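[1] what shape does this take:
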Amino acid sequence: MSKKIILILSLLIIGIIGRVIPHPPNVTPMIAIALLASHAFKNKWIAILIPLVGMWISDLIINNYLYAGYYDKFVFFSSGSLWIYGSILFTVLIGKVLIKHIKLSTVFLSSLSASFLFFVVTNFGVWFSNMMYPKSLLGLIECYTLAIPFFGNALIGDIVYSVVLFTSYSLVFSNRFELNTAGNTKINQ
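    Numbering: from 1, shown residues only. Predicted coordinates:
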């Protein structure tokens, strides 16, 4: 199997498991996966599909198995999916624009930008499409204010996952490390 196929499968598995296992609220690898996919795959459709498919499969598991008691029928998309998936799509675009070369500063800036975008877009979606908040400027401000603690979690998680995934990717794809078919790692000098 080629390294690219292994990378696709690895990112999907990391994304699905990272959302399904118990974790602090909003600490998932999806932003980091979208950013890494945007850098690792020149084909924009592959870069877009990896995080979206990982998100969708994990949503199916979460909505239909972990939280099955909350729904009357099988759920293919939840009410906030448009806002969430749109944010993931824009995260891929952020990565395409900001990450030309893997450096800590570009990974950090991309992760920070994507976290902020995700916070703004998805919480606007909560305010816009939910009856929890009044449809007024004060309602929007209340929605964002109450979401701030979750943003702290997301920001830390996105940065940590981004650093770990980009570092791992760099080590595997830098040609300094080679994984042979026996599973042994060899360091090239």
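[2] now do the one helix or strand Ala47 maps to: which elements does it pack against?
    Following DSSP states H and E, one finds Ala47 within helix 44-61. Helices and strands touching helix 44-61, by 3 or more C-beta pairs under 8 Å, 6 or more residues apart in numbering; DSSP states H and E, are helix 3-20, helix 30-40, helix 81-98. Where C-beta positions appear, they are placed from N, C-alpha and C, glycine not excepted.
[3] can you list the neighbours in contact with stretch 136-147?
    119, 123-124, 126-127, 132-134 (C-beta atoms under 8 Å, 6 or more residues apart in numbering).
[4] now do the buried residues in the helix holding Ala47.
    Within helix 44-61, the residues that qualify as buried by neighbour count (16 or more other C-beta atoms under 10 Å) are 47-52, 54-59.
[5] then stretch 81-96?
    Going by 16+ other C-beta under 10 Å, stretch 81-96 has these buried residues: 81, 83-85, 87-88, 90-96.
[6] just for this protein, where's the confidence low?
    The model of the chain has pLDDT under 70 over residues 1, 71, 75, 175-189.
[7] the longest helix in it is where?
    helix 137-173 (DSSP state H).
[8] nearest the geometric middle of the protein, what residue?
    Nearest residue to the geometric centre of the chain (C-alpha atoms, centre = their mean): Met30, 1.5 Å.
[9] ok, back up a step: so which of the contacts of stretch 136-147 sit within helices?
    Reading helices off the contacts of stretch 136-147 with DSSP H, I get 119, 123-124, 126-127.
[10] related to what we said a few turns ago, got a ChimeraX select line for the buried ones in the contacts of stretch 136-147?
    Entered in ChimeraX, the line below selects the buried ones among the contacts of stretch 136-147, by 16+ other C-beta under 10 Å:
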select :119,123,126,127,133
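[11] now the contacts of stretch 136-147 as CSV including distance to Leu155?
    Output for these, formatted as CSV (distance: C-beta to C-beta, whole Å):
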residue, distance to Leu155
Phe119, 8
Asn123, 14
Phe124, 18
Val126, 18
Trp127, 20
Met132, 23
Tyr133, 22
Pro134, 27
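[12] out of the contacts of stretch 136-147, the closest to Leu11 would be?
    Phe119 (22.5 Å; C-beta to C-beta).
[13] contact partners for the closest residue in space to the closest one that isn't next to it in sequence?
    Take Phe119 and drop its neighbours on the chain: the residue closest to it by C-beta to C-beta, 6 or more residues apart in numbering is Phe151, 4.7 Å away. Neighbouring residues of Phe151 by C-beta under 8 Å, 6+ apart: 26, 115, 119.
[14] and what of Ser170?
    Ile102 are the contacts of Ser170 under C-beta under 8 Å, 6+ apart.
[15] measure it to Leu11 for me?
    15 Å (C-beta to C-beta, to the nearest Å).
[16] could you say which helix or strand contains Lys42?
    Going by DSSP H and E, Lys42 is not in any helix or strand.
[17] next, count neighbours for Leu9.
    12 (other C-beta atoms under 10 Å).
[18] alright, calling it a day.
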